[in-house]
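*Asks:* the sequence and its predicted three-dimensional model are supplied below.
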Amino acid sequence: MKKIIVLFICSVVVFGPIAEPANAQNRKLPRAGFPVLASPNNGNPSSSNDSGASSPWPNSLPSSYGMHLSPGLDRNRNAPIEHYNPGEPEQNMALVRWEKKSMPLLIWISPGYKLPDIPLSELKKTRVDFVTNLLQNADSFAGITPAPGWTPAINDQVAAGIEQWRQFENEGLFNFAFTDDPHNAHICVFFTDVFRDGNAPGGIAIGGNTCAQMYPISLAHSMNIHQKPVIIELSTLVNNTPQKMIGASAHEFGHALGIKAHSPYRSDLMYEDRVVDSLSEADKATIRWLYHQQPAFVL
């Protein structure tokens, strides 16, 4: 059976009363207290604040990881640089990457085009086929307009993010080029303002998404398959500065190259809730490792 798998992809400070000048040298201000809403240990809050006073907050409040949506890890400062697992989580961490015969990878960055809104959870099942069908039409993108907030300068930022991966051409891992023709592109870049129904209200925490169709390597070698393009979409609202857009495009291009799973470490570009904008040494080690392995699936 031929098998084709579609994937993606308020603090309160308490001060004592103001001392009268005559007694100022004999009185001590109480220590500032910060009520503990929740401890980071499984959401079980402490019953007192750091001044030792009893906390007025209920013990059922959930824990929070601040700006992070997930509790990423930090590496020991002296830990050796090692690759993380880039495999596809939905296929038991099987490895996925491009083959040499597909090079150079051609990348088309659209002039801001925003594809029709659908829930984020539906993208990986439909986006690749939707764009593939669009590209079969003579006037492929008739009626499709730029995403709110898009400007031509954003395309330069996207290209700059992708260029972070250029260094691996010198190592013979892969090579890529930009094209003005989406019909020949291996990777197509589109834009949106927000991703609807993301894992945050309005989807405003989602900076980008990548969808791809991958093929078992045995099938790809036994049949002449016309591979469908990888689809990257980037949020103009979330990535509202040049540096954010550069980081987001570099992250999504890492997925397009085959790093399917996210790094568990906050210091890596491929961390799920990305907080850095450039490749880490572990990101580099991971792409090198991946492109020296025999994959189970190809793009």
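*Replies:* Cool, got the structure. Predicted model, so just to flag it, every value in this text is computed and none were measured. Numbers count the residues shown, from 1 in each chain.

*Asks:* how about low-confidence regions in the stretch 1-150 of the chain?
*Replies:* Scanning the stretch 1-150 of the chain for pLDDT under 70 picks out the ranges 1-71.

*Asks:* ranges for the helices of it?
*Replies:* 120-134 (DSSP state H, counting those that start in this stretch).

*Asks:* report the secondary structure state of the nearest residue to Pro119 once chain neighbours are set aside.
*Replies:* Using CB to CB, 6 or more residues apart in numbering and skipping the chain neighbours, the partner closest in space to Pro119 is Asp197 (4.0 Å). C-betas here are computed from N, CA, C, even on glycine. Under DSSP: H, G, I helix; E, B strand; the rest coil, Asp197 falls in the coil class.

*Asks:* Asp197 reaches Leu120, doesn't it?
*Replies:* Yes: the pair Asp197 / Leu120 is scored as a contact, 5.4 Å apart, by CB atoms under 8 Å.

*Asks:* rewinding a little: do you know how far the residue nearest to Pro119 is from Ile206?
*Replies:* 10 Å (CB to CB, to the nearest Å).

*Asks:* next one: Asp180
*Replies:* For Asp180 relative to Ile206 (CB to CB), the value is 28 Å.

*Asks:* more neighbours, those two?
*Replies:* Ile206 (22 against 9; other CB atoms under 10 Å).

*Asks:* just checking, that one touches Leu123?
*Replies:* No: at 10.3 Å, Ile206 does not count as touching Leu123 under the criterion of CB under 8 Å.

*Asks:* shared neighbours of these two, anything?
*Replies:* Phe195 (CB atoms under 8 Å, 6 or more residues apart in numbering).

*Asks:* mind listing the helices for the stretch 151-299 of the chain?
*Replies:* 152-162, 217-222, 242-257, 281-290.

*Asks:* circling back: what is in contact with Asp197 and Ile206 at once?
*Replies:* Leu120.

*Asks:* contacting residues for Gln164?
*Replies:* So Gln164 contacts Ala250, Phe253, Leu269, Ser278, Leu279 (CB under 8 Å, 6+ apart).

*Asks:* between the helices of the stretch 151-299 of the chain, which one is closest to Arg75.
*Replies:* Comparing these by their distance to Arg75 (CB to CB), the top pick is helix 281-290, with 7.8 Å.

*Asks:* tell me what angle the closest one forms with helix 242-257.
*Replies:* With axes from the mean of the first three to the mean of the last three CA atoms, to 10 degrees as the basis, helix 281-290 and helix 242-257 are set at 20 degrees to each other.

*Asks:* and helix 281-290, average pLDDT?
*Replies:* Average pLDDT, helix 281-290: 98.

*Asks:* so which elements touch that helix?
*Replies:* Judged by 3 or more CB pairs under 8 Å, 6 or more residues apart in numbering; DSSP states H and E, helix 281-290 is in contact with helix 242-257.
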